[in-house]
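# kindly generate the corresponding structure for this input.
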Amino acid sequence: MPAVLIVFMNQVFSGLGGASGPEGNGGPDFMSLERVTVGMTIFGLLWLMTLVAGKIAGDKGTGFLRRLRTTPTRALGFVLAYSIPTVLVSIFQILFVFGVALLLGLTWQENTYLVFLVLFLCGLSTIGLGMILSSFTSNREQVEGVTILILLPLAFLSGTFMPLEIMPPWASVIGSNVYTGQAIKAGTSILVDNASLETIIPELRNLGIWAACLFFLGVLCFGRNI
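As a prediction, the model looks like this:
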């Protein structure tokens, strides 16, 4: 889905901003391929919360988790069993989306590799959020309703579809402080300005705090399910 959106949005917004002259209209390049790539990748990662919460809720609904309590498996084993496959899915998705973006003309710069660290931390935060939501739902239908109520506002307010610079001040304040907004800010700085590790240290620190807190809370909430 994010790869398809990148192709579509790149075609729609191509030439609407950037340098003056025949290659652009002189306006701010708010919807460049670099910005679209970061935004759509993060939008795709947000759906991991539905994947994680839906799987846990489904196992609760079928009684699978209840039966697992009779086995000698420890809580850490349950957490790893649900989180590791989802982490692998997130890594594959990031690589696939960036592969499509490179085919569309995304330039690989010296510090582009830092984007993968930013996106990985964003994915961990989303997985933790999914485990938290799973403790408040008992079936997949409830998961779909609850996650949509969180996913879409989080995506729009953080700037996945439109830059924070053109959003209302209140939305910009909220979006710039949530973990997805921090990830978009850092990722865009890397792809657009080739920002170094030292430049994005504040965003990486905040992303690390978000990931650690959400994942820890997710593990605690998941413990209630088993």
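
# now F136. Nearest residue, chain neighbours left out?
V146 (6.8 Å; C-beta to C-beta, 6 or more residues apart in numbering). Where C-beta positions appear, they are placed from N, C-alpha and C, glycine not excepted.

# what about that neighbour, how many neighbours?
Per other C-beta atoms under 10 Å, the neighbour tally for V146 reads 18.

# got the contact list for it?
Counting by C-beta atoms under 8 Å, 6 or more residues apart in numbering, V146 touches 53, 133, 136-137.

# quick one: the helices in this protein?
Chain-ordered helices for the chain, with DSSP state H as the definition, fall at 2-13, 33-46, 48-61, 64-68, 75-104, 114-134, 140-158, 169-177, 179-193, 201-225.

# would you format those as TSV with mean pLDDT included?
TSV is the format used below for the helices of the chain (pLDDT from 0 to 100):
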stretch	mean pLDDT
helix 2-13	78
helix 33-46	88
helix 48-61	80
helix 64-68	70
helix 75-104	83
helix 114-134	89
helix 140-158	83
helix 169-177	87
helix 179-193	90
helix 201-225	86
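
# re the thing from before, let's see if you can find the most crowded of the contacts of V146.
The contacts of V146, ranked by neighbours (other C-beta under 10 Å): first place A53, 27 neighbours.

# need the contact list for it.
Applying C-beta under 8 Å, 6+ apart, the residues near A53 are 130-131, 133-134, 137, 143, 146-147.

# ok, the residues you listed vs G39, which is closest?
For those, the minimum distance to G39 (C-beta to C-beta) is 19.0 Å, reached by T147.

# the closest one reaches I132, doesn't it?
No: applying C-beta atoms under 8 Å as the test, T147 and I132 come out as separate, 10.9 Å apart.

# more crowded one of the two?
T147 (25 against 20).

# state the distance from the more buried one to T50.
5 Å (C-beta to C-beta, to the nearest Å).
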